[in-house]
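Participant: quick one, fold the following:
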Amino acid sequence: MPRALALNTAKVALLPLLLWQAVQVRRRALELPEAAGPRRAKVRPPRAREATPLRVLLVGDSSAAGVGVREQSEALAGQFATALAEELGRPVHWQLLARTGHTSGEALQHVRDTLLAPADVLVTALGVNDVVRQVPPERTLQQLQDLHAEAVARAGVRYWVHNAAPPMQEFPLLPSPLRWVLGSQAELLNQQLAQTLGDQLDRGLMRTPARLAGAAAAELMAEDGFHPGAGGYALWGRQLAEHVARRWRRIERA
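Facilitator: The predicted structure is shown next:
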């Protein structure tokens, strides 16, 4: 892969500068806590057309854990579940397994170590920490597939949507060339995810909402400039709910 080769060559040539920039970013970064509140909940829309709940398992890193907002109701899990219940006109029961700093491999182990509630849908939000720690995309992809297999076997999951790595080359917190290196590796990971997950009946890939990238996203971000704020999580949650609702209706028709 020419792009992968060019990236690896750049990493070697720029290694001292990249290491120095990474240390400076870590020193300056504002560390925010994960959102408070229960990590299992039930949401019922005002006008439910169906009584049977759709059950969701969310697995991820700091973005799934709600870093950037105070409560889980403002975070991705709460916003997504509420929007999904409204989209489908039925209750949504959700369970969240997420920790700041988790790579896909660490999230897989978290799932293996946890008693899982039954789930129809698996939502994963992982990849940023794999990119930061320079985990090869092939290994990340395999660990995500292993996580999915675990959720199918132990929770009964029928549909899996993975949230692609965000465009890290547009993160204002990151200096250049570190921003370019991380963004390029994130895109390589997303290319492999797209080739493997695609738009299949039992799995799919969702890109980061466009409004959460670039300078225009500032009003939707938390004060650390890295995670979404309540507005960003609401936007992400709605787009994710629309995706899952469309795919779930297709599954029910199949």
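
Participant: how many neighbours does the nearest residue to residue 126 once chain neighbours are set aside have?
Facilitator: The spatial neighbour of residue 126 that comes closest, neighbours along the chain excluded (Cβ to Cβ, 6 or more residues apart in numbering), is residue 104 at 4.7 Å. In short, each C-beta sits where N, CA and C put it, glycine included. Residues lying near residue 104 (other Cβ atoms under 10 Å) number 26.

Participant: check the one 4 residues further on too.
Facilitator: By other Cβ under 10 Å, 22 other residues sit near residue 108.

Participant: contacts only, for it.
Facilitator: Contact analysis of residue 108 by Cβ atoms under 8 Å, 6 or more residues apart in numbering lists 143-144, 146-147, 150.

Participant: could you confirm it falls within a helix?
Facilitator: Yes: counting by DSSP: H, G, I helix; E, B strand; the rest coil, residue 108 is part of a helix.

Participant: what sits against the most centrally placed residue in the chain?
Facilitator: The chain has residue 125 as the residue nearest its centroid, 1.7 Å off, counting by Cα atoms, centre = their mean. By Cβ under 8 Å, 6+ apart, residue 125 lies in contact with 58-61, 63-64, 76, 98, 162-163.

Participant: let's see that with 10 Å instead.
Facilitator: Residues in contact with residue 125 (Cβ atoms under 10 Å, 6 or more residues apart in numbering) are 58-65, 76-77, 98, 102, 107, 161-166, 206, 208, 236, 240.

Participant: from the contacts of residue 108, which land in helices?
Facilitator: Counting by DSSP state H, the contacts of residue 108 place 143-144, 146-147, 150 in helices.

Participant: need the buried ones from those residues selected in PyMOL.
Facilitator: Remark: buried members of the ones in helices among the contacts of residue 108, expressed as a PyMOL selection using 16 or more other Cβ atoms under 10 Å:
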select buried, resi 143+144+147+150
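
Participant: out of the ones in helices among the contacts of residue 108, which is nearest to residue 118?
Facilitator: Relative to residue 118, the closest of the ones in helices among the contacts of residue 108 is residue 150; by Cβ to Cβ it sits at 13.9 Å.

Participant: residue 191 versus the closest residue to the closest one other than its chain neighbours, what's the distance?
Facilitator: Leaving aside its sequence neighbours, residue 150 sits nearest to residue 111 (Cβ to Cβ, 6+ apart; 5.4 Å). Look at residue 111 and residue 191: by Cβ to Cβ, to the nearest Å, they are 25 Å apart.
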